[in-house]
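> Got a predicted structure plus its sequence, pasted below:
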Amino acid sequence: MTLYSRPGNDLSRGLVGYWKLNDLKSDVANTTAIDISKFNDMTISDGINGTDINGTLGNALEFNGTSTDVVLNNNGTYINENSTWSYWAVSDDVTALKYIMAYGVDGTDRYLFGHNASDVFGFDDINDAGASQTFTPGTILTNDIWFHVAIVFNSDGKKTAFLNGVEQITFSTATSMSDIGANPELKFGQTIAGSLWYAGSMQKMRIYNRALTGGEISKLYRLRE
């Protein structure tokens, strides 16, 4: 399935995937995550849409930590080297290594977004040999408190991570989007290999085919829509 760029200006420009995950039926099993950018609906397994736990962001998709995930088989179409990935999440246990978003092919290069066992959000870049580069800015997360993450990819290999609209760290990795194998998957709630399932809730998962500026990331955090 091809990722297309949505026309428009500002935060709609370059938006190639937007899964709100707060527009599902409440308290029942849901099977489809609608892409607001109109092109890439995803399949939900064992997901329940419920009211969020602090009442500030509306409904969200609950992940049970054992079997809930959201999957898109991307059929060989690659996301740009310049891209931005963002999401809202809240964790039931920030002291456990868990993954919120993953993109790639198991056994080849892949990217993982989540938090480690030290209450810190992070990003893993894993190559086809299984070697992992992990980057964590050191900012502590808290159970049951929503947080917003955005990671900006640039074609020069540099990546910049933001937490709650504020830049945290810039780092470089050897892996690029073009290194990812054929037929990559996009997953919310676990790794590409199917492990380290997320327990908590997510919403407003966005992917852009351009590198957003720091000002745009701050605006995206404040927007909450």
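Happy to help now that I have it. Computed from a predicted model, the values in this text were never measured in an experiment.
> and stretch 180-198, which residues are buried?
180, 184-192, 196-198 (16 or more other Cβ atoms under 10 Å). To be clear about C-beta, it is placed using only N, CA and C from the backbone, and glycine gets the same treatment.
> Please read the previous query as pertaining to stretch 207-217.
Ile207, Tyr208, Asn209, Arg210, Ala211, Leu212, Glu216, Ile217.
> now the end-to-end length of that stretch.
This stretch, stretch 207-217, spans 12 Å end to end (Cα to Cα, to the nearest Å).
> so where's the chain uncertain?
1-9, 24-29, 49-57, 74-78, 127-138, 224-225 (pLDDT under 70).
> count of residues packed around Leu21?
Using other Cβ atoms under 10 Å, Leu21 has 26 neighbouring residues.
> Ile36 versus that one, what's the distance?
Note on Leu21: its distance to Ile36, by Cβ to Cβ, to the nearest Å, is 10 Å.
> same thing with Thr175?
29 Å.
> Kindly report the same for Glu81.
24 Å.
> In this structure, which residue is most central in space?
What sits nearest the mean C-alpha location of the chain, by Cα atoms, centre = their mean, is Met101, with 4.0 Å.
> Secondary structure element holding that residue?
strand 98-104 (DSSP states H and E).
> Residues touching that strand, excluding its own?
With contact meaning Cβ atoms under 8 Å, 6 or more residues apart in numbering, strand 98-104 is reached by 65, 79, 85, 87, 89, 91, 110-115, 126, 149, 180-181, 184-192, 196-200, 202, 205.
> Likewise for stretch 190-202?
By Cβ under 8 Å, 6+ apart, stretch 190-202 touches 21, 50, 52-53, 60-69, 87-93, 96-100, 102-106, 110, 112, 114, 185, 188-189.
> and the residue lying closest to Asp23 once chain neighbours are set aside, how many residues sit next to it?
Nearest-residue entry for Asp23: Ile34, 6.6 Å, with adjacent residues in sequence omitted and distances by Cβ to Cβ, 6 or more residues apart in numbering. Counted by other Cβ under 10 Å, the residues lying close to Ile34 total 16.
> Contact partners for Ile34?
Applying Cβ under 8 Å, 6+ apart to Ile34 gives the contacts Trp19, Lys20, Asp23, Asp41.
> okay, now the last one: neighbour count?
Applying other Cβ under 10 Å, we find 13 other residues in the vicinity of Asp41.
> One more: the first one?
Neighbour count of Trp19, defined by other Cβ under 10 Å: 27.
> hey, what's it bridged with?
Asp35, Met205 (DSSP bridges).
> right, and it touches Val70 too?
Yes - applying Cβ atoms under 8 Å, one finds Trp19 in contact with Val70, separated by 7.1 Å.
> shared neighbours of those two, anything?
Ala33, Met42, Phe188.
> sorry, back to before: filter the contacts of strand 98-104 down to the ones in strands?
Per DSSP state E, strands hold the following members of these: 85, 87, 89, 91, 110-115, 126, 149, 185-188, 199-200, 202, 205.
> Among the residues you listed, name the buried ones.
Looks like those have 85, 87, 89, 91, 110-115, 126, 149, 185-188, 199-200, 202, 205 buried, using 16+ other Cβ under 10 Å.
> what separates stretch 197-216 from the chain centre, distance-wise?
5 Å (Cα atoms, centre = their mean, to the nearest Å).
> Please shift the residue numbers so they start at 256 in all later answers.
Let's use 256 as the start, then, which means that last one is stretch 452-471.
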